[in-house]
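Asks: Need a 3D model of the sequence below.
(2 chains)
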Amino acid sequence: MVNANKGTPNRFIRGAAQAIIVFAVFCALLVWVQRVVRPTDVHHEITHRSIARIEEIPRNSVDVVFIGGSDNYHTFSPIELFDTYGIASIQLGSSGQPMIASYQVLFHTLKFHKPQVVVLDINSLLGGLNESWTRMVFDSLPLSVSKIQTILSHTKIDGTDSWMSYLFPIMRYNNNWKGVRERSFHELNNIVIQSGELYWHGTVMNRAKNGKDALPLPDDTGEETVEPNPEALTYLAKIRDLCAKNGIELLLFQPPHTYESARSHNTLKAIAEANNLEFINFNLASTQQEAGFDYADGLMMDSAHLNTFGAIIATRYIGSKLGTPDRRGDPKYQYLADDIPTWHHLVTLQTLQADQSALTSYLTMAASDPNFDIFITAKDEATSGMSGELKESFAELGFSADFNGKFRHSYIGIISGGEVVFEELAKDTKTALKHEFTTRDGTKLTIESAGMDCGNKSVVLDASGTNRSKNARGLNVVVYDNLLHSIVDSISWDTHVAEGELTSKR
Amino acid sequence: MSLIAFEFFCFTLLTLIVYYCLPRKYRWQFLLTASIIYYVTACGPVLTAIMCAASLAAWSCAFFMKRARRKGFVLAAFVLSLAVLLMAYKENAFFVNMLNTGAAILGKRRRLPLPYWVAPLGISYWSLMLFSYVADVFWGKCEAESNPLKVLLYTCFFPQMTLGPISRYSDMRSEFFAPRPFDIDNLSMGFQRVFWGLFKKLVLAERLALIVANIYGEAGNGGNYQGFLIALGAIAYVLQVFMDFSGAIDIVLGVARMLGIKLPENFDHPFTAQSLSEIWQRWHMTLGFWVRDYVMYPAQKTIIAKLAKPIRKKFGKQASKKIPLYLSMLVTWFTVGFWHGGAWKFIFGSGLFFFVMIVGGLLLEPVFEFLKRLLQVNAETWSWRFFGRVRSFLLFTLSVSFGRAASLRAGFAFWRRAFHWNPWVFFDGTLFKIGLDGKDFWVMVIGMCVVAFVSRFEMAHGSAREWLKKQNIVFKWAVLFGLIFATLIFGMYGEGYNPADFIYGGF
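Replies: The predicted structure is shown next:
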């Protein structure tokens, strides 16, 4: 006799189990889809990476936290800070980071680290609400009670924004599927590269040299002020209270801008005083003088951001003010020490790329970094403009070719890992040279040189068959970076002209 | 609260949870409460009170009708008051415009201002439903309800009130007041249907709307477009209306199904119809049936009863059968057109159906039969059936297209622009410049192919959802997840997000 009720509990359990599995699969798919259709431009990517780094590094291994907008992450380099002072820090800036996002980032950071100082870029006190910049940070932060509370309070202020779409970004990005494509940036060794900028561990490095005509603000800035953003003020107060509650010193900072006004400075200074906080404005003449910063040295990438060279100065300056312990030698902070060689390499790279000075200093700097493979080829005529000093420098680098009287001779010279690994000077003007080279990371390049009478060309063919040499008269230099696995510079010097008139071309 | 608003889904979820937690005997009271809350939230207490008053009036008329000596008088009084309510709130612009037009013809300068007052939500639907209830009681088709609150629930059941379907009280009695036990099947099927409706509405209807808006233009007369693009615009409009309306009905029926309530279907694959009359048996079916039962049949009986004799005397027996029929159909189509909106463009568009069905379908039928015999047309072939579908669809499109124009005059201007030869617009990239870019256009085309495939499948095999239910779980959920995520990803809802705003915004 069949018991009609026997199957019922099993059926219920089976149904419940199916429902749970289906719901779990749905949630996983939803998370994945939301990740795919979210904006994938480089700014979103580097924000996401910066915030992810909070949990990736060892717990409680940060003494200083940098938060704020893009001018912040163009200003402070944690690796430079550790290299110079042994200060352990993390860079959590993001493009246009509003104060509400700064607060939430700090709140999240304090779950994993116990910093002693927070350096807050307060430029956003003068900006307006911007949904894109707010979402960029919130989309990267994991779900938490605090995040929900902040979203709810924010969307009450910005009535056009929907709190639900912060929790389920697909509701906002529902037409972003059209923008899903191959990423516009490259990534090599965790270094994001786009349009000549390098992003690495929170810091953005740019080699452009601008703003040479800018002037700092005088120390006497008068009394006029501007109206700050009320929501930003609210969250500055929350950051202040959060720091006070956790025994953290809060240092307010404004990075240099060539357009900065006295009114802005007065406003920020007043806000800092009202909140009883220290404020350093890098736009003031006295501060810049103290730091050894001069606009005329071309330390700005653009009107609002420092380049790598300016960032080194600013970082060393702030490091001198922080007073946090020197962590060099402590195994817990080895992750920062391990990054120092890469940092030096990237600085050297940017210096090379920004530098158009003498051939010898260029080659000397490039050869000093073992990550570079340097290819020197002659085209047309490369020796008549070579001075005795230049020939000596070549000899010092390890080259042994005798360039005397070698008018219109083909020439190939290769430095790899700081050593000359190949050199050939043609015996006569009718001989063109060709050499196949494999870089240390396995990339095959074809190098050719031909003087005026035997082809008149300089070639460095990359894997795609593109000639990366400038192919200009004189000596052409191509630099391959084994860390970034790509050709990073191509420059030529017209060594046909008279000594002293050597010109470079990029 | 729109049917596609996030708040509506939250409200529905909450209603479902409480509904199934309650004992069955209290569930209809809770539904009534929820529906009233929905109504008040949507249009405020005053309009809610008007709706409740209309419902109470209907209940009173039906309840006291059996004791009334002159039942017809009670019915007429109710119908008249309902008609006045409907005209005042919905069709007032039509009458005011007619009066102003008359004044202009008579050379008067004075013009009446157009009244701008908000109508009670769903008045176009619940007024017809209340009428059908009272009429059914009058004709003895339905027992009068003793509890006015039950009639109120019938009137304002929240998923149904904004877009129908137009149900009958006799059918809904057992659905509302004898609720069945919780059945996971209802929840699952209802949920699937809701998402199918969302797919049609958000992925397809919204995209078609962009093409339609672009081609019709602000003046609603075709703007700068001509030739085949005009026809494309008209077709896009019909498809937009179908996806929008049937999608919304799917949401309504899906929500009701989740509550274990079966509402009547409103669409039955209308574009598979092989004649215009068949389309109307498959398109907005509940309106069609209502108009048939409460306008056409009564009109036929009345007109036939009164006019048959004099017509037979004057024109003969054949005419006495056909002319009353045509007249009752004219009244029917006028009602349909008028119901859609108090404007001549709707009445004209509806009248075109009448014209085509009378002239083409009835008067010219012998001519068409002769041609079929002469050309040896085999009406059983697929090609003939396909021809019938295409012909019906195009005639339907012609009639419906006037509804989108700004006015009847704009509608004529719209079609005048169609007389231009430009077939190259289908091949020279123009299709991607009429409101949708290439990606959106192909999403729309593929989506419509999916809908067409499902429709074809259901014609051959019955309900696609029932078929899917029998498949293995992995396949079943792959299809459902595909539907859900296609709607989430490709649906056009909210403002969308333009990353360029961020890029151009700078730092």
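Asks: Is the residue of the stretch 251-400 of chain A found nearest chain B within a helix or a strand, and which one?
Replies: At 6.4 Å from chain B, residue A:304 is the closest residue in the stretch 251-400 of chain A, using Cβ to the nearest Cβ. In short, each C-beta sits where N, CA and C put it, glycine included. Counting by DSSP states H and E, no helix or strand carries residue A:304.
Asks: secondary structure class for the closest residue in space to it that isn't next to it in sequence?
Replies: Using Cβ to Cβ, 6 or more residues apart in numbering or on different chains and skipping the chain neighbours, the partner closest in space to residue A:304 is residue A:257 (5.0 Å). Following DSSP: H, G, I helix; E, B strand; the rest coil, residue A:257 is assigned to coil.
Asks: tell me, how many neighbours does residue A:257 end up with?
Replies: 21 (other Cβ atoms under 10 Å in any protein chain shown).
Asks: Show the contacting residues for it.
Replies: Counting by Cβ atoms under 8 Å, 6 or more residues apart in numbering or on different chains, residue A:257 touches A:71, A:283, A:303-304.
Asks: Quick check: of those, which has the highest neighbour count?
Replies: Busiest of the contacts of residue A:257 [other Cβ under 10 Å] is residue A:71, holding 25 neighbours.
Asks: Need phi/psi at that one.
Replies: Main-chain dihedrals, residue A:71, degrees, to the nearest 10: phi -70, psi -20.
Asks: Grab the nearest non-local neighbour of it.
Replies: Once flanking residues are discounted, residue A:71 sits nearest to residue A:255: 4.2 Å by Cβ to Cβ, 6+ apart.
Asks: what's the pLDDT at residue B:366?
Replies: Per-residue pLDDT puts residue B:366 at 80.
Asks: Need the three-state assignment for it.
Replies: Following three-state DSSP, the label given to residue B:366 is helix.
Asks: One more: the one 10 residues further on?
Replies: Local secondary structure at residue B:376 is given as coil here, using three-state DSSP.
Asks: Give the rounded mean pLDDT of the helix or strand hosting residue B:456.
Replies: Assessed by DSSP H and E, residue B:456 sits inside helix B:438-461. Per-residue pLDDT over helix B:438-461 has a mean of 94.
Asks: Stretch A:68-77 now?
Replies: For stretch A:68-77, the mean per-residue pLDDT is 93.
Asks: contacting residues around it?
Replies: With contact meaning Cβ under 8 Å, 6+ apart, stretch A:68-77 is reached by A:50, A:66, A:89, A:91, A:93-97, A:102, A:119-124, A:133, A:202-206, A:253, A:255, A:257, A:282, A:301, A:304-307, A:310-312, A:314-315, A:318, A:343, B:507.
Asks: Which residue ranges of the stretch 51-200 of chain B form helices?
Replies: For the stretch 51-200 of chain B, the helices defined by DSSP state H, counting those that start in this stretch cover B:71-89, B:92-105, B:123-138, B:148-156, B:169-177, B:184-198.
Asks: can you pull the buried residues of the fourth one?
Replies: Same thing as helix B:148-156. Going by neighbour count (16 or more other Cβ atoms under 10 Å in any protein chain shown), the buried part of helix B:148-156 is B:150-156.
Asks: for those residues, which one is nearest residue B:78?
Replies: Minimum distance to residue B:78 across the buried residues of helix B:148-156 is 12.7 Å, recorded for residue B:151 (Cβ to Cβ).
Asks: Tell me who's in contact with the closest residue to that closest one other than its chain neighbours.
Replies: Take residue B:151 and drop its neighbours on the chain: the residue closest to it by Cβ to Cβ, 6+ apart is residue B:59, 4.3 Å away. Applying Cβ under 8 Å, 6+ apart to residue B:59 gives the contacts B:145, B:148, B:151-152.
Asks: can we see that at 10 Å?
Replies: Listed by Cβ atoms under 10 Å, 6 or more residues apart in numbering or on different chains, the contact partners of residue B:59 are B:130, B:133-134, B:137, B:144-152, B:154-155.
Asks: now swap in residue A:255 and tell me
Replies: Applying Cβ under 10 Å, 6+ apart, the residues near residue A:255 are A:68-76, A:93, A:121, A:123, A:280-283, A:304-306, A:310-311, A:314.
Asks: Just the buried ones from the contacts of stretch A:68-77?
Replies: A:50, A:66, A:89, A:91, A:93-97, A:102, A:119-124, A:133, A:202-206, A:253, A:255, A:257, A:282, A:301, A:304-307, A:310-312, A:314-315, A:318, A:343, B:507.
Asks: Which ones among those residues map onto helices?
Replies: Mapping these onto helices (DSSP state H) picks out A:50, A:102, A:133, A:310-312, A:314-315, A:318, A:343.
Asks: filter those down to the ones near chain B?
Replies: Among these, the ones lying near chain B by Cβ under 10 Å from any Cβ of the partner chain are residue A:133.
Asks: sec struct for residue A:477, please.
Replies: Residue A:477 is classified as strand under three-state DSSP.
Asks: ditto for residue A:424
Replies: strand.
Asks: Check residue A:378 too.
Replies: strand.
Asks: who does it bridge with?
Replies: Applying DSSP bridges to residue A:378 yields these beta-bridge partners: residue A:475.
Asks: Output the below-cut-off pLDDT ranges for the chain.
Replies: I went with chain A, as the question did not name one. Chain A contains residues with pLDDT under 70 at A:1-8, A:157-161, A:182-184, A:188-189, A:356, A:498-502.
Asks: hm, I was asking about chain B
Replies: Ranges of chain B meeting pLDDT under 70: B:1, B:115, B:304, B:342, B:361-362, B:495-507.
Asks: try 50
Replies: Where chain B drops to pLDDT under 50, the residues are B:501-507.
Asks: Now do the contacts for residue B:458.
Replies: Residues in contact with residue B:458 (Cβ under 10 Å, 6+ apart) are B:268-269, B:272, B:464-467.
Asks: again, but for residue A:151
Replies: So residue A:151 contacts A:100, A:104, A:134, A:138, A:161-167 (Cβ under 10 Å, 6+ apart).
Asks: so which of those residues comes closest to chain B?
Replies: Closest to chain B, out of all of the contacts of residue A:151 and judged by Cβ to the nearest Cβ, is residue A:164, at 6.0 Å.
Asks: Now do the host helix or strand of that closest one: which elements does it pack against?
Replies: Secondary-structure element containing residue A:164, defined by DSSP H and E: helix A:163-167. In terms of contact count using 3 or more Cβ pairs under 10 Å, 6 or more residues apart in numbering or on different chains; DSSP states H and E, helix A:163-167 is assigned the packing partners helix A:131-138, helix A:145-157, helix B:6-21.
Asks: Let's see that with 6 Å instead.
Replies: If you count contacts as 3 or more Cβ pairs under 6 Å, 6 or more residues apart in numbering or on different chains; DSSP states H and E, helix A:163-167 packs onto helix A:145-157.
Asks: relative to helix A:131-138, how tilted is the helix it packs on?
Replies: Interaxial angle, helix A:145-157 versus helix A:131-138 (axes from the mean of the first three to the mean of the last three Cα atoms, to 10 degrees): 170 degrees.
Asks: Can you mark which positions in helix A:145-157 are buried?
Replies: Residues of helix A:145-157 classed as buried: A:147, A:150-151, A:154-155 (neighbour count, 16+ other Cβ under 10 Å).
Asks: what do you get for stretch B:27-34?
Replies: Neighbour count says stretch B:27-34 has B:27-28, B:31-32, B:34 buried, by 16+ other Cβ under 10 Å.
Asks: same check, this time on stretch B:396-412
Replies: Across stretch B:396-412, burial judged by 16+ other Cβ under 10 Å covers B:396-406, B:408, B:410-411.
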